[in-house]
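1. coords please:
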Amino acid sequence: MLYRRLGNTGVSIPAIGQGTWKFGENKHSEKQEIEALRFGIANGLTHTGPAPSDASEPA
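-> As a prediction, this is how the structure comes out:
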């Protein structure tokens with residue numbers, strides 16, 4: 001996992017997070033969503049973003 005410093009805080013955070021805003025909306029993709037989260041966590045993921053406004057879709 002690639003880490004970056006958070007501003008001037010000296011704190012290192014993963015450069016990649018996982019958006020989860022649409023998770024749970026489609027019962028057919030539930031298994032894949034769980035697998036994606038588990039894969040991320042197993043590979044060092046510590047940040048998820050449930051916010052509806054991440055610039056990938058209109059809020």
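
2. Quick check: pLDDT value at Ser29.
-> Here, the pLDDT recorded for Ser29 equals 91.

3. same deal with the one 3 residues further on?
-> You'll see Gln32 listed with a pLDDT of 93.

4. quick one: it and Thr48, what's the gap?
-> Applying CB to CB, to the nearest Å, the value for Gln32 to Thr48 is 16 Å. Backbone N, C-alpha and C define where each C-beta goes, glycine included.

5. for His28, same thing?
-> 21 Å.

6. what are the ranges of the strands in the chain?
-> 3-5, 12-14, 18-19, 48-49 (DSSP state E).

7. quick one, which of these is packed in tightest?
-> strand 18-19 (a mean of 16; mean count of other CB atoms under 10 Å).

8. That one - contacts with which helices or strands?
-> Strand 18-19 sits against helix 30-42, strand 48-49, with contacts defined as 3 or more CB pairs under 8 Å, 6 or more residues apart in numbering; DSSP states H and E.

9. got these as CSV, with distance to Arg5 columns?
-> Listed next are these as CSV, based on distance: least, CB to CB, whole Å:
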stretch, distance to Arg5
helix 30-42, 21
strand 48-49, 19
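
10. If anything else comes up later, I'll come back, but that's it for now.
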